[in-house]
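Participant: Okay, structure incoming, though there's no sequence with it:
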């Protein structure tokens with residue numbers, strides 16, 4: 001997977017350390033469950049790349065480390081101790097007490113004995129390692145988005161949810177001849193009696209893998225291959241229950257197949273080739289990638305998360321509100337509408353705290369209410385279509401709250417959504433006095449057209465470049481919060497490409513947008529350069545002349561309708577000509593080719 005730190009936490013002071021995020025390139029672990037000794041021993045090797053800033057790498061593991069080797073050299077496990085980062089109970093991370101260079105690659109190997117993990121063990125299906133009679137073992141990953149520290153880090157070294165990486169687990173049960181069953185959404189190979197090799201794909205996040213171990217006589221299961229309306233290949237449904245359970249597995253497979261088919265018809269193809277369902281005999285449920293541990297009553301909710309939650313996943317726990325909110329909205333009837341009531345108090349669903357470790361419980365009821373408000377403004381069927389577009393665009397990747405807002409505004413042109421996100425997602429109060437966000441030309445250039453420009457990279461440089469065909473380009477804009485205004489807690493900038501013309505009118509020519517970017521906390525008197533990707537597929541052919549139209553919006557600060565770009569500072573226009581590749585004789589100059 002490509003390294004992407006766009007959703008990673010920023011470099012952070014943790015005591016005397018300058019803590020920086022990493023990308024895990026590869027994770028491998030060997031785990032032995034010794035029933036005779038009633039003990040479990042792990043060795044895990046994590047290969048990682050330090051992010052764009054030098055500093056002390058961040059990762060997490062909720063087990064006590066016995067030995068640690070870094071790049072082949074043994075180090076004191078105290079150098080990777082858990083650190084308090086102000087994220088509340090069970091919100092620590094491990095920080096390496098050493099400085100490593102940006103972009104450098106390292107390998108860390110840890111050994112440890114599995115014990116009760118140092119995380120929040122609340123809920124109906126918590127992490128579990130249980131021994132019985134020195135011949136039986138039960139082990140559950142027990143993930144949860146409502147309890148801190150409850151993803152892959154419960155048992156293995158891992159990262160925060162922004163990251164994606166391949167994970168290979170070698171798993172063996174010793175000290176017993178009693179057969180055990182492995183339940184997983186990974187690609188499992190039987191190596192021998194009670195011995196497996198499991199591979200989890202590179203697009204999985206720390207929230208994705210499912211592993212459950214049970215004595216074979218304690219569970220029953222059934223599977224069937226089904227054809228879905230969109231997927232080009234059969235999908236296997238695998239359902240497990242406790243041997244004492246009364247559930248009808250054949251009937252449940254049919255019910256799951258109906259949910260999968262309905263979701264495909266509305267939102268697009270199921271990303272996997274099988275769905276694994278574990279009936280845990282308790283209330284509620286938990287989503288994994290193409291899998292769930294669940295009660296019968298929660299099956300539909302957890303299956304929908306294969307589209308929104310683990311198909312498209314939240315970029316951080318602070319973004320976890322939106323997948324629970326939209327899933328609840330869908331479950332409660334996605335044609336219901338309820339206009340926003342701005343006399344109601346603000347509601348914070350997305351804190352934007354980089355180290356938040358749980359999804360707020362308000363995500364279900366208040367989050368569903370938020371989507372009813374969006375449906376009231378743009379229409380429920382338009383909202384459904386935009387969420388289907390979101391899934392098709394971002395399936396197998398992560399989406400932040402700002403990404404979601406940008407996608408909705410760009411797709412429907414309803415810039416009033418900035419007001420709804422401001423108050424009922426980010427939880428901001430009404431600004432006082434009202435902000436007046438405007439486009440700001442470069443100090444040496446009085447023409448407002450210089451406030452918007454294009455570059456071939458997202459580097460926030462103020463030097464314009466001609467747009468290149470056949471590749472991504474980046475819209476840029478300089479926005480300003482004039483002196484004397486209140487802090488602008490939240491704003492958006494829209495960018496639209498239109499055929500060149502002498503006169504344009506807001507909003508008809510500006511919306512819907514080609515791209516939208518979201519910004520926060522622009523203080524009085526401050527200017528900032530923002531950017532948004534111009535996808536290669538939307539860049540016109542070489543030599544085409546187009547107009548770039550931009551508008552800037554905040555709560556209680558929107559452009560006036562019926563106006564032209566030269567009549568107000570909250571809209572801007574710049575004419576562009578798509579670059580023609582240079583030619584050397586009869587050949588195109590390779591240096592000018594898109595890369």
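Facilitator: Perfect, I can see it now. Keep in mind that this is a model prediction, so the values were computed, not measured. Numbering: from 1, shown residues only.

Participant: What about residue 78, how many residues nearby?
Facilitator: If you count neighbours by other Cβ atoms under 10 Å, residue 78 ends up with 9. All C-beta spots, glycine's among them, are computed from the backbone N, C-alpha and C.

Participant: correction: residue 266
Facilitator: Residues contacting residue 266 under the criterion other Cβ under 10 Å number 16.

Participant: Phi first, then psi, for the residue most central in space within the chain.
Facilitator: What sits nearest the mean C-alpha location of the chain, by Cα atoms, centre = their mean, is residue 315, with 2.3 Å. Here is the backbone geometry of residue 315 (degrees, to the nearest 10): phi -70, psi -30.

Participant: confidence score at it?
Facilitator: At residue 315, the pLDDT value in this model is 96.

Participant: What of residue 445?
Facilitator: Per-residue pLDDT puts residue 445 at 46.

Participant: With residue 86 instead?
Facilitator: At residue 86, pLDDT is 89.

Participant: is it true that it touches residue 354?
Facilitator: No: with contact defined as Cβ atoms under 8 Å, residue 86 does not count as touching residue 354 (10.3 Å).

Participant: So between the two, which is more surrounded?
Facilitator: Applying other Cβ under 10 Å to residue 86 and residue 354 shows that residue 354 carries more neighbours, namely 18 against 10.

Participant: Just give me the neighbour total for the closest residue to that one other than its chain neighbours.
Facilitator: Leaving aside its sequence neighbours, residue 354 sits nearest to residue 9 (Cβ to Cβ, 6 or more residues apart in numbering; 3.6 Å). Residues near residue 9, counting by other Cβ under 10 Å, number 20.

Participant: can you confirm residue 9 is in a strand?
Facilitator: No: counting by DSSP: H, G, I helix; E, B strand; the rest coil, residue 9 is not found in a strand; it is coil.

Participant: what's the distance between it and residue 401?
Facilitator: As judged by Cβ to Cβ, to the nearest Å, residue 9 and residue 401 stand 15 Å apart.

Participant: quick one: residue 86 and residue 43, what's the gap?
Facilitator: Distance check for residue 86 against residue 43: by Cβ to Cβ, it reads 32 Å.

Participant: try residue 80
Facilitator: Counting by Cβ to Cβ, the gap from residue 80 to residue 43 is 15 Å.

Participant: and what of residue 393?
Facilitator: 39 Å.

Participant: likewise residue 574?
Facilitator: 58 Å.

Participant: Which of these two has more residues huddled nearby?
Facilitator: For residue 574 and residue 43, the more surrounded residue by other Cβ under 10 Å is residue 574, and the numbers stand at 21 against 16.

Participant: average model confidence for the helix ranked longest in the chain?
Facilitator: Ranked by residue count under DSSP state H, the longest helix found in the chain is helix 249-267. Mean pLDDT, helix 249-267: 98.

Participant: Can you name the element that comes right after that helix?
Facilitator: strand 274-279 (DSSP states H and E).

Participant: distance between that following strand and the chain's centre?
Facilitator: Relative to its parent chain, strand 274-279 has a centroid offset of 22 Å by Cα atoms, centre = their mean, to the nearest Å.

Participant: again, but for stretch 138-146
Facilitator: Its chain's C-alpha centre and that of stretch 138-146 lie 20 Å apart, by Cα atoms, centre = their mean.

Participant: One more: stretch 526-544?
Facilitator: The chain centroid and the centroid of stretch 526-544 are separated by 23 Å, computed with Cα atoms, centre = their mean.

Participant: One more: stretch 492-502?
Facilitator: Centroid separation for stretch 492-502 versus its chain: 29 Å, with Cα atoms, centre = their mean.

Participant: Flag every buried residue along it.
Facilitator: Across stretch 492-502, burial judged by 16 or more other Cβ atoms under 10 Å covers 492-497.

Participant: neighbouring strands for the one helix or strand residue 58 maps to, and are they parallel or not?
Facilitator: Assigned by DSSP H and E, residue 58 belongs to strand 56-59. With DSSP bridges as the test, strand 56-59 is paired with strand 17-20 (parallel), strand 93-95 (antiparallel).

Participant: Would you mind pulling the contact partners of the helix or strand following the shortest one?
Facilitator: What that stands for is strand 93-95. For strand 93-95, the succeeding helix or strand toward the C-terminus, using DSSP H and E, is strand 105-113. With contact meaning Cβ atoms under 8 Å, 6 or more residues apart in numbering, strand 105-113 is reached by 25, 39-50, 57, 61, 63-72, 77, 80, 100, 157.

Participant: try 7 Å this time
Facilitator: Residues outside strand 105-113 that contact it (Cβ atoms under 7 Å, 6 or more residues apart in numbering) are 39-49, 63-71, 100, 157.

Participant: list the helices and strands the next helix or strand after it packs on?
Facilitator: Proceeding N to C from strand 105-113, the next assigned helix or strand is strand 128-132, under DSSP H and E. Applying 3 or more Cβ pairs under 7 Å, 6 or more residues apart in numbering; DSSP states H and E, we find strand 128-132 packed against strand 136-140.

Participant: partners of the strand it packs on, with directions?
Facilitator: Strand 136-140 sits in its sheet next to strand 128-132 (antiparallel), strand 211-215 (antiparallel), going by DSSP bridges.

Participant: Distance from the chain centre to the last one, please.
Facilitator: Spelled out, that is strand 211-215. Mean C-alpha position of strand 211-215 versus that of the full chain (Cα atoms, centre = their mean) differs by 28 Å.

Participant: now the angle between strand 274-279 and that strand, please.
Facilitator: 50 degrees (axes from the mean of the first three to the mean of the last three Cα atoms, to 10 degrees).

Participant: ditto for the first one
Facilitator: For strand 128-132 and strand 274-279, the angle between their directions (the same axes, to 10 degrees) works out to 60 degrees.

Participant: picking that back up, which of the buried residues of stretch 492-502 fall in helices?
Facilitator: In helices, defined here by DSSP H, there are no members of the buried residues of stretch 492-502.

Participant: Make CSV out of those and add pLDDT and distance to residue 560.
Facilitator: Below are those laid out as CSV (pLDDT from 0 to 100; distance: Cβ to Cβ, whole Å):
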residue, pLDDT, distance to residue 560
492, 98, 17
493, 98, 17
494, 98, 15
495, 98, 19
496, 98, 17
497, 98, 23
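
Participant: could you dump the residues you listed to a markdown table with distance to residue 504?
Facilitator: Shown next, in a markdown table, are the buried residues of stretch 492-502 (distance: Cβ to Cβ, whole Å):
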| residue | distance to residue 504 |
| --- | --- |
| 492 | 19 |
| 493 | 16 |
| 494 | 13 |
| 495 | 13 |
| 496 | 9 |
| 497 | 12 |
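
Participant: just checking, which of these belong to strands?
Facilitator: 492-497 (DSSP state E).

Participant: Just name the most buried of the strands paired with strand 136-140.
Facilitator: Most buried of the strands paired with strand 136-140 by mean neighbour count (mean count of other Cβ atoms under 10 Å) is strand 211-215; its value is a mean of 22.

Participant: And whichever helix or strand comes after it, what does it pack against?
Facilitator: Where DSSP H and E defines the elements, the next helix or strand beyond strand 211-215 is strand 219-226. Here strand 219-226 is seen to pack against strand 235-242, helix 249-267 when contacts are counted using 3+ Cβ pairs under 7 Å, 6+ apart.

Participant: any chance of the ones you listed in TSV, plus distance to residue 467?
Facilitator: Listed next are the helices and strands packed on strand 219-226 as TSV, based on distance: least, Cβ to Cβ, whole Å:
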stretch	distance to residue 467
strand 235-242	42
helix 249-267	32
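
Participant: Single out the most deeply packed of those.
Facilitator: Of all these, strand 235-242 has the most neighbours on average by mean count of other Cβ under 10 Å, namely a mean of 20.
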